[in-house]
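Visitor: Whatever this is, show me its structure:
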Amino acid sequence: MDENIYSIFKRLQDHGFKAYLVGGAVRDIFMQRKPDDIDILTHASIPEIKSVFSDWKVRTVGKTFSVCIINGIEVSSGRAGSDVASFPESDLARRDFTINAMAFDPVSKKIIDPFNGRKDIENRIIRFTREPLKRIAEDPVRMVRACRFLALMKGSFSLSTLNALQACRALLDKDVAKERISHEIMKAMALDKPSLFFRALQKTGLLSYIFPSLDRCFDLDGGLHHRETVFEHCMLVGDALPARLPFLRLAGFLHDIGKFDAATLEDGSLTFAGHEDHAQEMVKDLSALRFSVRDITYISALMKTHMRPLTVETTPRAARRLLAMLNRHGLSHQDFMRMRIADKKGNLAKKPYTISEIRVRLKKLLDEIHRSSALSINDLDISGHEIADLLNIKPSPEIGKIKELLFEKVLDNPLLNQNDELKKLCLSFQIKK
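Guide: Residues are numbered from 1 along each chain as shown. Take a look at the predicted model:
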């Protein structure tokens, strides 16, 4: 253990106070994971903690439940009235799941595990500490956390936990801060297989309250070009994207939900023409979860562009137009390629791209990135003022339309992006008009 952390325990105990490492840190240690957060629990009161560490850097945060931050480490007081004898069991009993209700004293090496959390970790079981319905009523977001911990452990719910989640799912529609749900979603994106999180949400009925646009795709046939349902395809695509890019990964889990709105029957088979344009329900769900406009725009752009073709037959002109489209939507060619690769990998009716196939497609884009001087309208070698002076017109929307025409010409022939050539084109537009 870090010397700084150990010294906090030692000093508290030297002053006669019990102190334990608690919560997720203990769980992570028993799962052989590096703890994300270190939480120390002591029966000392906040004033007593401050007194013990009067010569250290200490600050207090929190209004409802105060916590001391000592050299960047959280130290909280778990004293329940004057019942010091029941510490820390009295505090652990108020925690959500058995796997989070353990305490460890790094000085004496003593482990306190009143709810058999270690056994549940070994068996990969998610179980509420006591009275599941009461634990959920205290904080309905615990239902979403239960699904995230199931995905973390690649485990299952105890029967009592599953029954409680299914019985209480409607509580998510009540007085719950939606930002907390979105926070849980993004934490799930860092897991090995976030699809387990979404599957748990669907099994418990919670998904219909969080992402109804995805939930409705659960039994939706994937159509002629897939052997998996739309929901299953989204799960495979999301898992195939990198954890270090959480919003790209979330886009993978949501990228095809427009198929529900686009679905039509042709000769007895489902088709989904233009499904990439049906983002309205996804945007509605993300907005309800209080995702930022920037993040919603990014995810929507990935959905909008993921069907754009890029093959061995793609011409330089088509590659430039693809890059211009990505530029217009604020996307990088890297994210586009990542989504395309994952999309193919998530289609059980087709083989994933080989390394050589990826290289051919990437080269087509890189060649045009290096060759073209204009992949957005702002890259044109002529300004709006120059166009206005040249054509003797006042600043107006007409200048923007002329720049769009110029950009179309430059996309067809990058050599035209020279000031003199662009001026000639402007004059030719005026003559035609």
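Visitor: tell me the contacts of Asp285?
Guide: Asp285 is in contact with Ile210, Phe211, Pro212, Ser213, Leu214, counting by C-beta atoms under 8 Å, 6 or more residues apart in numbering. Backbone N, C-alpha and C define where each C-beta goes, glycine included.
Visitor: Would you mind checking these for buried ones?
Guide: Neighbour-count burial (16 or more other C-beta atoms under 10 Å) applied to those gives Ile210, Phe211, Ser213, Leu214.
Visitor: In this structure Met307 contacts Glu276, no?
Guide: Yes. When contacts are counted by C-beta atoms under 8 Å, Met307 is listed as touching Glu276 (4.7 Å).
Visitor: Of those two, which one has the most company?
Guide: More neighbours surround Glu276 than the other of Met307 and Glu276, with 20 against 16 (other C-beta atoms under 10 Å).
Visitor: what residues are up against the more buried one?
Guide: Glu276 is in contact with Gly258, Met303, Lys304, Thr305, His306, Met307, counting by C-beta under 8 Å, 6+ apart.
Visitor: now do 10 Å
Guide: By C-beta atoms under 10 Å, 6 or more residues apart in numbering, the contact list for Glu276 reads 255-256, 258-259, 262, 300, 302-308.
Visitor: quick one: Asp139 and Arg145, what's the gap?
Guide: According to C-beta to C-beta, to the nearest Å, Asp139 stands 9 Å off from Arg145.
Visitor: Same check on Asp91?
Guide: For Asp91, the distance to Arg145 (C-beta to C-beta) stands at 18 Å.
Visitor: Name the residues of the helix or strand that Val360 is a member of that are buried.
Guide: Per DSSP states H and E, Val360 falls inside helix 355-371. For helix 355-371, the neighbour count (16+ other C-beta under 10 Å) marks Arg361, Lys364, Leu365, Glu368 as buried.
Visitor: in the chain, which helix or strand is least confident?
Guide: Between all helices and strands in the chain, the lowest mean by mean pLDDT, DSSP states H and E belongs to helix 419-432, at a mean of 87.
Visitor: what's that one packed up against?
Guide: Under the contact criterion of 3 or more C-beta pairs under 10 Å, 6 or more residues apart in numbering; DSSP states H and E, helix 419-432 touches helix 384-391, helix 397-412.
Visitor: okay, and the common contacts of Asp139 and Arg145?
Guide: By C-beta under 10 Å, 6+ apart, the residues touching both Asp139 and Arg145 are Asp96, Arg180.
Visitor: the more surrounded of those two?
Guide: Arg145 (20 against 13).
Visitor: Could I get the contacting residues of that one?
Guide: Neighbours of Arg145 in contact, by C-beta under 10 Å, 6+ apart: Asp96, Phe97, Asn100, Ile126, Asp139, Leu152, Arg180, Ile181, Glu184, Lys187, Ala188.
Visitor: Now the common contact residues for Met307 and Glu276.
Guide: Taking C-beta under 10 Å, 6+ apart as the contact rule, Met307 and Glu276 both touch His255, Asp256.
Visitor: What subset of the contacts of Arg145 is buried?
Guide: Using 16+ other C-beta under 10 Å, the buried members of those are Asp96, Phe97, Asn100, Ile126, Leu152, Arg180, Ile181, Glu184, Lys187, Ala188.
Visitor: and the third one, what is it in contact with?
Guide: To tie it back to what came earlier, the one meant is Asn100. Contacts for Asn100 (C-beta under 10 Å, 6+ apart) come out as Val22, Gly23, Gly24, Ala25, Val26, Arg27, Leu92, Phe115, Gly117, Thr129, Arg145, Phe149.
Visitor: mind giving me JSON lines with these and columns for secondary structure, pLDDT and distance to Asp105?
Guide: Converted to JSON lines, those look like this (DSSP: H, G, I helix; E, B strand; the rest coil; pLDDT from 0 to 100; distance: C-beta to C-beta, whole Å):
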{"residue": "Val22", "secondary structure": "strand", "pLDDT": "94", "distance to Asp105": "10"}
{"residue": "Gly23", "secondary structure": "coil", "pLDDT": "90", "distance to Asp105": "14"}
{"residue": "Gly24", "secondary structure": "helix", "pLDDT": "92", "distance to Asp105": "17"}
{"residue": "Ala25", "secondary structure": "helix", "pLDDT": "92", "distance to Asp105": "13"}
{"residue": "Val26", "secondary structure": "helix", "pLDDT": "95", "distance to Asp105": "11"}
{"residue": "Arg27", "secondary structure": "helix", "pLDDT": "95", "distance to Asp105": "16"}
{"residue": "Leu92", "secondary structure": "helix", "pLDDT": "93", "distance to Asp105": "13"}
{"residue": "Phe115", "secondary structure": "coil", "pLDDT": "96", "distance to Asp105": "18"}
{"residue": "Gly117", "secondary structure": "helix", "pLDDT": "97", "distance to Asp105": "16"}
{"residue": "Thr129", "secondary structure": "coil", "pLDDT": "94", "distance to Asp105": "20"}
{"residue": "Arg145", "secondary structure": "helix", "pLDDT": "98", "distance to Asp105": "26"}
{"residue": "Phe149", "secondary structure": "helix", "pLDDT": "98", "distance to Asp105": "24"}
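Visitor: now, which of those residues sits nearest Asp239?
Guide: Taking C-beta to C-beta as the measure, Asp239 lies nearest Phe149 of those, at 17.9 Å.
Visitor: Can you report how many residues lie near that closest one?
Guide: Phe149, neighbours per other C-beta under 10 Å, totals 24.
Visitor: That one is in contact with Asp28, isn't it?
Guide: No. Under the criterion of C-beta atoms under 10 Å, Phe149 makes no contact with Asp28, lying 11.5 Å away.
Visitor: Need the overlap of contacts for these two.
Guide: Residues touching both Phe149 and Asp28 (C-beta under 10 Å, 6+ apart): Ile99.
Visitor: so what secondary structure elements neighbour the helix holding Val360?
Guide: Under the contact criterion of 3+ C-beta pairs under 10 Å, 6+ apart, helix 355-371 touches helix 316-328, helix 333-345.
Visitor: Of these, which is nearest Ala200?
Guide: Taking C-beta to C-beta, helix 333-345 is the member of these nearest to Ala200, at 21.4 Å.
Visitor: That closest one versus helix 316-328: what angle between them?
Guide: 110 degrees (axes from the mean of the first three to the mean of the last three C-alpha atoms, to 10 degrees).
Visitor: buried residues in helix 333-345?
Guide: The neighbour-count check on helix 333-345 (16+ other C-beta under 10 Å) flags His333, Asp335, Phe336, Met337, Arg338, Met339, Arg340, Ile341, Ala342, Asp343, Lys344, Lys345 as buried.
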